[in-house]
Structure formats: structure tokens, C-alpha cells
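Asker: please work out how this folds:
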Amino acid sequence: MVLSKEELLEALRHETQILVHLAGKADPSMHDYRPTKSQRSMFELLRYMAIMGPLQISLIKDDGFNGPALRAAWSEGEKRSQEMTWDQAVEAIRAQADEYDRLLGDWTDADWRGEIDMFGRRVSRGKTVVTLVLNAHAAYRTQLFCYLKACGREELGTMNLWGGVDPPARSATDAEGVPASSGFGRCCSA
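Answerer: Have a look, this model is predicted:
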């Protein structure tokens, strides 16, 4: 096992904290931003993230990634998300930290190793949680980060994206805004 259950839960809790942090960097004028017509707006992305992880875990648990069950679950989840305000979507994401504990906390080793049918392939539930839920959090938070940068939030950097915190204030001796002791050089300041 590469990750223990507690390490995975901690990673998911951290991802929710990063999303909430980044969502707090968007002012209302940015909510409708989308790079192209075919991409989600910032608000649509946040609404999607408000349902994505818990819904996918429920489908993983119940081997529901095929046929009518999948379509019904996503349809209901999307309907719920479309009714959310920005603040409600942020609160739903914030609540996911506890929801992940509730959804995954009692899984046994047999549950994690049990296989489900993922579009015609047999895959372990544990691998599916990591590849679909944890990886999606990292991908979509990076998308949100890029949207924010495109909307002019140039001060956001590596610590915002990976730590979910603001960097320390710039010192007079550090024109890059990166503390010398941080280990992040110019190449990593995003």
C-alpha cells in the first residue's frame, strides 16, 4: 500500500482546503470567466467541484459507473449543483472534508482492494478513488488557479496552489517575494 487510509483522507481534506482558499480569491466579477466558449466558467467549475468527489466515491462504493445508475446519479448531482450560489458551492466544498471521512472512514482493506467495473475494465476501488477523486481535485484546483491568474490575480503563486495559503509578505531583500529559507526558487513561484 502506497498510501494509508488516513494519508488519503488527509490528502482529500487538504484538497478541499486548497479549493476553498482559491475560491476566496475570486471576486464576483470573475465568476463568469471562461477561457473559451466550450469550457466551464469559474462558477460552473466551482459548482462541479461541490459535487464531484462525494458523488464519485458513492459510485465507486456501489459499483455504479455503468448504465442508468451513472446517468441518474450525475443528473441528480448536476441538478443540485445548478441551484447553488457561489457561497453555497464553497460551503459544500468545505464540508467535503468531513464527508470524505464519513464516506471512506469505515472502508476495510477488502473494500479498498475490491474491484469495480469501470467502463468495461475491472479496477480496484482504492485505485479508482485516487485516480478519479484525488487526481481530479489536483487537476481542477489547478484549472481554478489558472482562471484566477488569467483574471489578474498575479500575486497568487505556488503556496496558494499547493498549500492553500498566502505566501509570506515580501521582504525588502527578496524581490521575488519568496523567502530564502522556503526552498522555492524563482522557477517554482508559479
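
Asker: pull out the buried residues from the helix or strand hosting residue 111.
Answerer: Assigned by DSSP states H and E, residue 111 belongs to helix 109-113. By neighbour count on 16 or more other C-beta atoms under 10 Å, the buried set for helix 109-113 is residue 112. (Glycine included, C-beta is placed from N, CA and C.)

Asker: domain map for this structure?
Answerer: 5-155, 157-190 (automatic domain parsing).

Asker: can you give me the helices for this structure?
Answerer: 5-23, 42-61, 67-82, 86-104, 109-113, 125-128, 135-150, 158 (DSSP state H).

Asker: tilt between the third one and helix 42-61?
Answerer: Our comparison of helix 67-82 with helix 42-61, counting by axes from the mean of the first three to the mean of the last three C-alpha atoms, to 10 degrees, yields an angle of 150 degrees.

Asker: chain center to helix 67-82: distance?
Answerer: Mean C-alpha position of helix 67-82 versus that of the full chain (C-alpha atoms, centre = their mean, to the nearest Å) differs by 19 Å.

Asker: how far out from the middle of the chain is the helix holding residue 111?
Answerer: Remark: helix 109-113 is offset 24 Å from the chain centroid, using C-alpha atoms, centre = their mean.

Asker: just checking, what packs against that helix?
Answerer: For helix 109-113, the contact count by 3 or more C-beta pairs under 8 Å, 6 or more residues apart in numbering; DSSP states H and E identifies helix 125-128 as packing neighbours.

Asker: from the contact counts, what lies against the helix it packs on?
Answerer: Checking 3+ C-beta pairs under 8 Å, 6+ apart, helix 125-128 ends up next to helix 42-61, helix 109-113, strand 115-118.

Asker: packed most tightly, which of these would that be?
Answerer: Across these, averaging neighbours per residue (mean count of other C-beta atoms under 10 Å) puts helix 42-61 on top, at a mean of 21.

Asker: and that one, average pLDDT?
Answerer: For helix 42-61, the mean pLDDT works out to 95.

Asker: which secondary structure elements does it contact?
Answerer: By 3+ C-beta pairs under 8 Å, 6+ apart, helix 42-61 packs against helix 5-23, helix 67-82, helix 86-104, helix 125-128, helix 135-150.

Asker: wait, what's in contact with the residue nearest the centre of the chain?
Answerer: Closest to where the C-alpha atoms of the chain average out (C-alpha atoms, centre = their mean) is residue 137, at 2.6 Å. Residues counted as contacts of residue 137 (C-beta atoms under 8 Å, 6 or more residues apart in numbering) are 12, 15-16, 18-19, 49, 53.

Asker: what of residue 30?
Answerer: Counted by C-beta under 8 Å, 6+ apart, residue 30 has contacts 42, 147-148, 151.

Asker: could I get those residues as a markdown table with distance to residue 96?
Answerer: Below are the contacts of residue 30 laid out as a markdown table (distance: C-beta to C-beta, whole Å):
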| residue | distance to residue 96 |
| --- | --- |
| 42 | 18 |
| 147 | 20 |
| 148 | 20 |
| 151 | 24 |
